[in-house]
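> A predicted structure for the sequence below; I have some questions about it.
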Amino acid sequence: MAFTFPESSAKKADPVERAIRQINRKASISSDAGRVENATAFVVYLYENGIHDEEDLVELALLAGGKRYDPTTGAFV
């Protein structure tokens, strides 16, 4: 299942899409669709909450390792 951006804004999609591509190239999570979806959702969450630097998005998503982020508790599950 492909992820679609909630807002189809080119300004938002460009750094987020580039970050996702980098994550898929750099991480071992690309073979697991669930982990890729979690990483994508986390990158979008970070972007929507003020982190717009592409390298920061990639680094933080890689640190999460494809785990699902729960913003209500701040935990990765």
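Alright, I've got the coordinates. Keep in mind that this is a model prediction, so the values were computed, not measured.
> what about this structure, any weak spots by pLDDT?
The model of the chain has pLDDT under 70 over residues 1-12.
> got the contact list for the residue sitting nearest the centre point of the chain?
Centroid-nearest residue in the chain: Val43, 2.6 Å away (criterion: C-alpha atoms, centre = their mean). Applying C-beta atoms under 8 Å, 6 or more residues apart in numbering, we find Val43 in contact with 16, 19-20, 23, 57, 61. The way it works is simple: take the backbone N, C-alpha and C, and place the C-beta from them, glycine included.
> quick one, helices of the protein?
With helices called from DSSP state H, the chain shows them at 10-26, 33-48, 54-64.
> distance between the ends of stretch 60-71?
Terminal residues of stretch 60-71 are spaced 15 Å apart (C-alpha to C-alpha, to the nearest Å).
> swap in stretch 66-77?
Between the opening and closing residues of stretch 66-77 there is a gap of 10 Å (C-alpha to C-alpha).
> end-to-end on stretch 63-70?
15 Å.
> any buried residues in it, and which?
Using 16 or more other C-beta atoms under 10 Å as the test for burial, stretch 63-70 gives 64, 66, 69.
> tell me the one of those residues nearest Gly50?
Tyr69 (15.2 Å; C-beta to C-beta).
> surely the closest one touches Thr40?
No. Tyr69 is beyond contact range of Thr40, at 11.2 Å (criterion: C-beta atoms under 8 Å).
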